[in-house]
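Asks: Have a look; sequence and predicted model below, questions after that.
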Amino acid sequence: MIATIAPLYSPFSVRRASELGLPFEEVSFPTQDGLVLRGWFFPAEQVESPAVLYAPATSHDQLSGLSLARPLHDAGYHVLLFSYRGHGESDGDPLGFTYGASESLDIDAAVQYLYDERGIHRIGAIGHSAGAVAIILSAARNPRLGAVVAASPFTSVDEIWETNRPAFFPKPLYQAVFKLVERRKGFLREQVRAEQSIGRIAPHPLLIIHGSEDRRITREQALRLFRLARPPKQMWVIQGADHRSVRDPGLDALIGQIILFLNQALKEPPATQFTGR
């Protein structure tokens, strides 16, 4: 299903966790490659409630998820906001962002923390841009991630680099720069191909959100990802939204509808039981 949504306005604006008026804890947890990630955990009133984590876009940290914490908490969810390696107070190289490759390992670590340390076994994720790609890559290999809301995901790091290549920049030189970036950051572009991973998220529900005026990530990329995904899946197109406004005001204004999607995925029992036969 592909739905079209009118332009949006967001009433949310917070800059610090304390402004939310919610109890929260400063938390830390390790990655498999030995770094420590740090963030905030907002506990739900009911211990057995599901949890939702937020995956920031490029150059953003846990602060970028604050506006989603209150409505998710009020809807009965634990909320985890954390910073990737090299961001916020987390360990790592501040210049080491890898467009979703290492960041998907950070999503793995966050899910493991919620599952093992907090005992929460129903977990969803919301991500924007590279954060959306990171949760797609993680969910494709991690059955503990039970629902994915991917706002403005790109098909591959190759394609987004080419889409955003300045017209005056010769393609061979651009590709040479890309290779230097891979070497400097310690990743391979083959690790960031959401189009090859998105089909493995099923049977967990997937929601893709895209802006009709997004020039950084084209509509064709979003539609290709949607076609490659397996049911259950939905796609929402926000009329007039560009890449930035899909996040703000987009996700903030749509959070009520997103919560309904998460409720169906994480709170309601499935219509049929999978027997494995």
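Replies: On my side now, so go ahead.
Asks: so where do the strands sit in the stretch 1-150 of the chain?
Replies: 2-5, 25-30, 36-42, 51-55, 78-82, 123-128, 145-151 (DSSP state E, counting those that start in this stretch).
Asks: what's the first one packed up against?
Replies: Using 3 or more C-beta pairs under 8 Å, 6 or more residues apart in numbering; DSSP states H and E as the contact criterion, the elements in contact with strand 2-5 are strand 233-238. C-beta here means a position set from N, CA and C on the backbone, and glycine is covered the same way.
Asks: buried set for the strand it packs on?
Replies: 233-238 (16 or more other C-beta atoms under 10 Å).
Asks: What separation is there between the spatially most central residue of the chain and Leu262?
Replies: Nearest to the mean C-alpha position of the chain, by C-alpha atoms, centre = their mean, lies Gly127 at 1.9 Å. Per C-beta to C-beta, to the nearest Å, Gly127 is found 13 Å from Leu262.
Asks: what is in contact with these two at once?
Replies: Val149 (C-beta atoms under 8 Å, 6 or more residues apart in numbering).
Asks: As JSON lines, the strands of the stretch 1-150 of the chain with mean pLDDT would be great.
Replies: Formatted as JSON lines, the strands of the stretch 1-150 of the chain follow (pLDDT from 0 to 100):
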{"stretch": "strand 2-5", "mean pLDDT": "86"}
{"stretch": "strand 25-30", "mean pLDDT": "97"}
{"stretch": "strand 36-42", "mean pLDDT": "97"}
{"stretch": "strand 51-55", "mean pLDDT": "98"}
{"stretch": "strand 78-82", "mean pLDDT": "98"}
{"stretch": "strand 123-128", "mean pLDDT": "98"}
{"stretch": "strand 145-151", "mean pLDDT": "98"}
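Asks: quick one: which of those is nearest Leu63?
Replies: strand 78-82 (7.9 Å; C-beta to C-beta).
Asks: Pull the contacting residues for the residue nearest to Met1 when sequence neighbours are not counted.
Replies: Leaving aside its sequence neighbours, Met1 sits nearest to Gln234 (C-beta to C-beta, 6 or more residues apart in numbering; 5.1 Å). Contacts for Gln234 (C-beta under 8 Å, 6+ apart) come out as 1-3, 205-208, 261.
Asks: hmm, 10 Å instead?
Replies: Applying C-beta atoms under 10 Å, 6 or more residues apart in numbering, we find Gln234 in contact with 1-3, 149, 205-209, 226, 261.
Asks: which of those residues lies closest to Gly92?
Replies: Distance ranking of these against Gly92, using C-beta to C-beta, places Val149 first at 25.3 Å.
Asks: Assess the claim that the closest one and Gly65 are in contact.
Replies: No: counting by C-beta atoms under 10 Å, Val149 stays clear of Gly65, with 12.0 Å between them.
Asks: list residues touching both of those two?
Replies: Shared contacts of Val149 and Gly65, counting by C-beta under 10 Å, 6+ apart, come down to 52, 54-55, 126-128, 251.
Asks: Would you point out the most distant pair within the residues you listed?
Replies: Val52 and His128 (13.7 Å).
Asks: Need the residues touching each of these two.
Replies: 65, 149.
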